[in-house]
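# Sequence and predicted model, in that order:
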Amino acid sequence: MGAVAASGAPLVGGAHELFERWAALDPDRPALVASGREISYGDLNTRADRLAARLRACGVGPEVVVALLVERSVSLFVAVLAVWKARGAYVPLAAAQPPSRISLVLADTAASVVVADRDPRGLFSLSGKHIVRIDQDLGLALGGDSTGSADLSDSADGTDGSAATRTDARNLAYVLHTSGSTGTPKGVLVEHGGVVNLADGLRRRFGDLHEARVLQFAPPTFDAWVWELAMSLLNGGALCLPPAGATLSGDDLARVLRDHRATHFSASPSLLVSLPVGDPPPVSTLVAGGEALPEFLARRWAGRVRMFNAYGPTEATVSATAGRCGDRPGKPALGAVLPGVDLYVLDPAGRPAAVGELGELYVGGAGVARGYLNRPDLTALRFLPDPFAGRPGARMYRTGDLGRRRPDGEVEFVGRVDHQIKLRGFRIEPGEVEEALRAHPRVTGAVVTTAEGDGGHRRLVAYLEVSDGPPVPVPDLRAFLGARLPDYLVPSVFVALDRLPLTPHGKVDRAALPAPTGNRPPLGHDYVPPRGGTERELARLWARLLGLDRVGATDDFLALGGTSLDLVRLREAVTERWAVRLSTVDLVRAHNVRLLAARLDDPDGAGRQPTGSDPPSVRDHRSRTSQRLRARRGKG
């Protein structure tokens, strides 16, 4: 049975069928724009057909999960469409993630087929897996699986790959792993019907999108990537891939948007803050999502572009709402729900909360995911029967978010019922980070929360009880967590306490945790005073950006808790004060006050940087960050 639109008109069953309709209607229409080249709908469709034939020969079919280890490139979109054409589902992997995390996802999904644009040896065991290699530029086969060769120059099954690919709306489309409160990430199962409903809802909310040019920004391991796909390839628009290594923030982001003539762009408010307004603006439609939209940011853009506030968890197929922001004062609402979606504000008894009354947000309708992979207990707890839908089998997702309905009917986000954190567009379960910290041989207790720093920027903070002995250096803690968790789950600030404060019931008293500022230095911190005017001025700048009392001349920016976004803010401040244009990669290399001061005092001698004596963990962390900055498109 196919999905049904709000109007009652039947929709296709599989998300890729929306793309195929456009490929048949106008095959010469630009689908992807990358490196100055345009890949047409017809060309992209042909490439995906050929790869789909190979995947079917590997046994891919309905409910079979295919792992994708492909950089964000033309090949990634070939791979996703091919998996769907083969009637399978994809789970994205990221080479920058710890191998243990990749192995966990592979084991959780039981994926036996991996599509890769690199040799995956060293990242996970190849035993029993078909490895299908594709060329990063052309989307064609290079090699084969672990036991034989694969060549897509001709279809593996003797056809041209255009066999019928009709998919049921209830078939699995993809699996995305989100942070888990028990310390283990949980896989969200999203069906094709949810993706099709999303694409249809976006068209109805934003208007016809076949002339849209959407900047591709989010990494494929996050659901915002699906939003970008639905806004473009599933609606006849073009998806624009930024140049490899582009730093997408501030003036650089505005330049990329203009170079691509992008019309639509979606990102977290934390990143949109850095986007210069400009005259004319760099884009005509902005969408904020992933975290609460501040009033000042909504008002900054609402009078210049079409500004939308989007809300929705991964379990609701990316987005439940997308509302146009006006320039009137007041906290931005979550906006009107997308067609085919329901949003409820319920009291503790499960009844609709009165106007102005605080309640928990529940999402119903076509976008609700199937549940959590291999977690029937958690699925039963969060995915509940929907008593308001009026149709048998309808379900709703309990978000854990708090909100209230305003007199005008709009819903306002208030906070969380638990300790889950939404930071820079990422959803973070503190329990997953705490569990990883407690695995450290010196850590006897851990609590993870957030604190607000300079300029209202929130940071992930870890409070630790450490066993007797010398302080544990922050670089060592970062390296320990970096081997187990994705980068966005590694705290920016670490605070050592003799004892974590407890309530009378023996639970951690989060309200009694001290602010991570004042005279409390980072763990293992040896202070070296800055010397000279440039060093002292840079030290004051770093301290202000990072919310610290003081910064020494040899302190590493990343080890002090600096993030990718902080590096962008530092670069902009340095450009304004010293009129020197540096890239964020330059700042990673000039990683402490002394090195950066030498660079600023002697620009022509930038290549003659003094050598440091940093521990391997700092060098490794800096190297990984530099690699991520070269490849990043998404949230930091």
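Arrived safely, thanks for sending. Note that this is a predicted model, so its numbers are computed, not measured.
# if I look at the spatially most central residue of the chain, how far off is residue 82?
For the chain, residue 222 is the residue whose C-alpha lies nearest the centre (CA atoms, centre = their mean; 4.1 Å). Separation of residue 222 from residue 82 (CB to CB, to the nearest Å): 21 Å. C-beta here means a position set from N, CA and C on the backbone, and glycine is covered the same way.
# How far does stretch 581-590 sit from its chain's centre?
24 Å (CA atoms, centre = their mean, to the nearest Å).
# Same check on stretch 197-214?
For stretch 197-214, the distance to the chain centre is 21 Å (CA atoms, centre = their mean).
# same thing with stretch 286-303?
Taking mean C-alpha positions (CA atoms, centre = their mean), stretch 286-303 and its chain are 18 Å apart.
# which residues touch that stretch?
Defining contact as CB atoms under 8 Å, 6 or more residues apart in numbering, one finds that stretch 286-303 is touched by 224, 227, 264-270, 272-273, 277, 281, 305-312, 319, 322, 325-327, 329-332, 413, 422-426, 456, 635.
# Over to stretch 379-389?
315, 342, 344, 350, 352, 362, 364-365, 368-369, 371-372, 394-398.
# so where is the stretch 301-450 of the chain shaky, pLDDT-wise?
Regions of the stretch 301-450 of the chain meeting the criterion pLDDT under 70 cover residues 327, 425.
# who touches the residue lying closest to residue 173 once chain neighbours are set aside in this structure?
Excluding the flanking residues, the one nearest residue 173 by CB to CB, 6 or more residues apart in numbering is residue 192, at 4.6 Å. Residues near residue 192 by CB under 8 Å, 6+ apart: 3, 13-15, 84, 167-173.
# Lowest-confidence one in the residues you listed?
In terms of pLDDT, residue 3 ranks lowest among those, with 41.
# which residues touch residue 477?
With CB under 8 Å, 6+ apart, residue 477 has these contacts: 437, 440, 462, 494, 523.
# Tell me how many other residues crowd the second one.
Using other CB atoms under 10 Å, residue 440 has 18 other residues around it.
# Please tell me I have it right and it contacts residue 478.
No: contact criterion CB atoms under 8 Å: residue 440 and residue 478 do not qualify, at 11.3 Å.
# Return the member of the contacts of residue 477 nearest to residue 404.
Closest approach to residue 404 among the contacts of residue 477 (CB to CB): residue 462, at 31.9 Å.
# Name the helix or strand for the closest one, please.
Residue 462 belongs to strand 458-466 when elements are defined using DSSP states H and E.
# what does residue 587 give?
helix 584-589.
# After that helix, heading C-terminal, what element do we hit next?
By DSSP H and E, the next helix or strand past helix 584-589 is helix 593-601.
# buried set for that next one?
593-600 (16 or more other CB atoms under 10 Å).
# just how off-centre is that helix within its chain?
The answer for helix 593-601 is 33 Å, by CA atoms, centre = their mean.
# Contacts for that helix, please.
530, 532, 534-535, 538-539, 542, 551-555, 574, 578, 580, 582, 586-587, 589-590, 605-606, 609-610, 612.
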